[in-house]
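Engineer: sharing a sequence plus its predicted fold:
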Amino acid sequence: MREIETKYRVRDLEALLVALKEAGVKVSDPVHQDDLAYAPRGWDPSQGKLGFTFARLRTQDGEHVVTTKTPMATAMECVEHETTVGDREAMHGVLTSLGYAPNVRIAKTRRAGSAGEVSVCVDEVERAGVFLELEILVDDDRDGRAAQDDLDAWARDLGVDLERTTDTYDILVRPSQ
């Protein structure tokens, strides 16, 4: 599967929640996500993300999920593989023995919903702020940039003050560590 997404810094959380409700998006109650992002050993953010595969180990409601993401044309379009794991510490050992190094911890509160095929997430990210993330998962050859343009048009139609960013959470959180 390919994940294609857009991300926006949100200036007014309440205005966004109202706009989403008016657009017919029912968001979930907030849940806490504890993510540890991994990068290939020796990777540095100055190298960019293209050409590398990254991993994430997430815990939410006592369930652990490991995900790999390989950026395609941009860091916001990735081939993604994901599965649940029973033991977070054991999976950490697997990832480090495969050559991954813990990169950054990302703690956030997430509200999730959907609008058709679009997953809608409102994230309050510790040390980074509030974000709207829109994504689609595809298994076809659609153009990623065109899909991102469609997602951006949907976000703009909400009529709230949003600032688009192409940075992923690991990059957004990193400067404050």
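Structural biologist: Looks like it came in fine. Residues are numbered from 1 along each chain as shown.
Engineer: show me where the protein has strands.
Structural biologist: All strands of the chain, identified by DSSP state E, fall at 2-10, 31-40, 54-60, 63-71, 77-85, 100-115, 118-125, 129-138, 162-165.
Engineer: from those strands, which stretch is densest packed?
Structural biologist: For the strands of the chain, the stretch with the most neighbours on average is strand 2-10, a mean of 21; neighbours defined as mean count of other Cβ atoms under 10 Å. The C-beta positions use only the backbone N, C-alpha and C, and glycine is treated the same way.
Engineer: tell me the strands beside that strand, with direction?
Structural biologist: The strands beside strand 2-10 in its sheet (DSSP bridges) come out as strand 77-85 (antiparallel), strand 129-138 (antiparallel), strand 162-165 (antiparallel).
Engineer: dump those to a markdown table, plus mean pLDDT and distance to Pro45.
Structural biologist: Converted to a markdown table, the strands paired with strand 2-10 look like this (pLDDT from 0 to 100; distance: least, Cβ to Cβ, whole Å):
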| stretch | mean pLDDT | distance to Pro45 |
| --- | --- | --- |
| strand 77-85 | 97 | 16 |
| strand 129-138 | 97 | 19 |
| strand 162-165 | 98 | 15 |
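Engineer: select, out of the strands of the chain, the one closest to Asp149.
Structural biologist: Among the strands of the chain, strand 2-10 comes nearest to Asp149, with 8.9 Å by Cβ to Cβ.
Engineer: just the CA atoms of the closest one, as PDB, please.
Structural biologist: Coordinates of each C-alpha in strand 2-10 appear next as PDB, following Å, rounded to 0.1, in the frame of the first residue of the first chain:
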ATOM      1  CA  ARG A   2       1.000   3.600  -0.600                       C
ATOM      2  CA  GLU A   3       0.100   6.300   1.900                       C
ATOM      3  CA  ILE A   4      -0.400   9.700   0.400                       C
ATOM      4  CA  GLU A   5      -0.900  12.600   2.800                       C
ATOM      5  CA  THR A   6      -0.900  16.300   3.500                       C
ATOM      6  CA  LYS A   7      -0.300  17.900   6.800                       C
ATOM      7  CA  TYR A   8      -1.200  21.400   8.200                       C
ATOM      8  CA  ARG A   9      -0.300  23.300  11.300                       C
ATOM      9  CA  VAL A  10      -3.600  24.400  12.900                       C
END
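Engineer: just to revisit the earlier point, which one, of the strands paired with strand 2-10, ends up nearest to His92?
Structural biologist: Using Cβ to Cβ and comparing those, the one that lies nearest His92 is strand 77-85, at 9.7 Å.
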